[in-house]
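Novice: this is a predicted model, with the sequence first.
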Amino acid sequence: MTVFRLLRHGEPSVFGRINGRLPGVGLSTKGRAEIAAVAARLAEGTIDAIYASPLQRTRETAEILADRLGLPIQYREEVIEIDFGEWTGLTADEIRKDERWQMWSNCRSIAVVPGGESWRQVQDRVVGALFDLHHLHPEGAVVIVSHGDVIRAALLFALGMPLDFCSRIEVALASLSTIRLDASGIRVVGLNEWPRLP
């Protein structure tokens with residue numbers, strides 16, 4: 001049985017726009033404190049490996065965990081943020097003016113970000129990573145540091161829910177969601193657990 005602890009990065013240093021895959025977006029001071037609290041909680045149990053998206057905010061998140069847990073970080077492109085294509089760097093108000101936003105907002109199962117990815121592509125890559133890591137860690141506990149929509153896509157797969165239900169699952173900053181994968185199938189055993197800051 002592989003236990004996956006899916007961790008969304010902490011609060012980013014840049015707000016008010018679609019950061020997507022923009023370089024130079026790290027963690028805020030609050031984000032670092034959030035992840036330190038998560039790391040303390042994870043240190044109470046056993047974690048065998050840390051995998052992370054290669055973007056700066058997820059790298060910084062993983063580095064805090066690695067320092068506390070004494071584990072190396074391995075980076076996986078499959079868990080990187082959605083490619084927001086033409087919408088990268090825009091504000092929500094700017095994106096809503098694009099007529100293609102309506103399709104993206106209402107039909108995630110078939111919509112594609114202009115110049116970017118579809119949710120189906122995102123789900124395919126993250127689920128592929130889960131099964132690959134299950135083979136690498138068949139009896140392990142693995143942390144995957146990723147992004148809200150990527151984690152949401154993995155949870156929808158595990159719950160057998162359509163991609164169009166993405167807005168029904170909350171994945172907060174610095175939250176942990178847990179999936180268990182074994183010979184009997186896949187199960188969600190924890191959802192959107194937030195750190196308690198002192």
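Specialist: On my side now, so go ahead.

Novice: any stretches of the protein with poor pLDDT?
Specialist: Along the chain, the parts satisfying pLDDT under 70 run over 197-198.

Novice: max-length helix in it?
Specialist: helix 119-136 (DSSP state H).

Novice: helix or strand next in line after that one, which one?
Specialist: strand 141-146 (DSSP states H and E).

Novice: who are the packing partners of whichever helix or strand comes after that following strand?
Specialist: Sequence-wise, the next helix or strand beyond strand 141-146 is helix 148-159, with elements assigned using DSSP H and E. When contacts are defined as 3 or more C-beta pairs under 8 Å, 6 or more residues apart in numbering; DSSP states H and E, helix 148-159 packs onto strand 2-8, helix 119-136, strand 176-182, strand 185-193. No exception for glycine: its C-beta is placed from N, CA and C like everyone else's.

Novice: give me whichever of the ones you listed is most buried.
Specialist: When those are scored by mean count of other C-beta atoms under 10 Å, the highest mean neighbour count falls to strand 2-8 (a mean of 25).

Novice: pull out the buried residues from the helix or strand that comes right after it.
Specialist: Heading C-terminal from strand 2-8, the first helix or strand you meet, by DSSP H and E, is helix 29-42. By neighbour count, with 16 or more other C-beta atoms under 10 Å as the criterion, the buried positions of helix 29-42 are 31-39, 42.

Novice: between all of the residues you listed, which two are at the greatest distance?
Specialist: Across those, no pair lies farther apart than G31 and L42, at 16.3 Å, counting by C-beta to C-beta.
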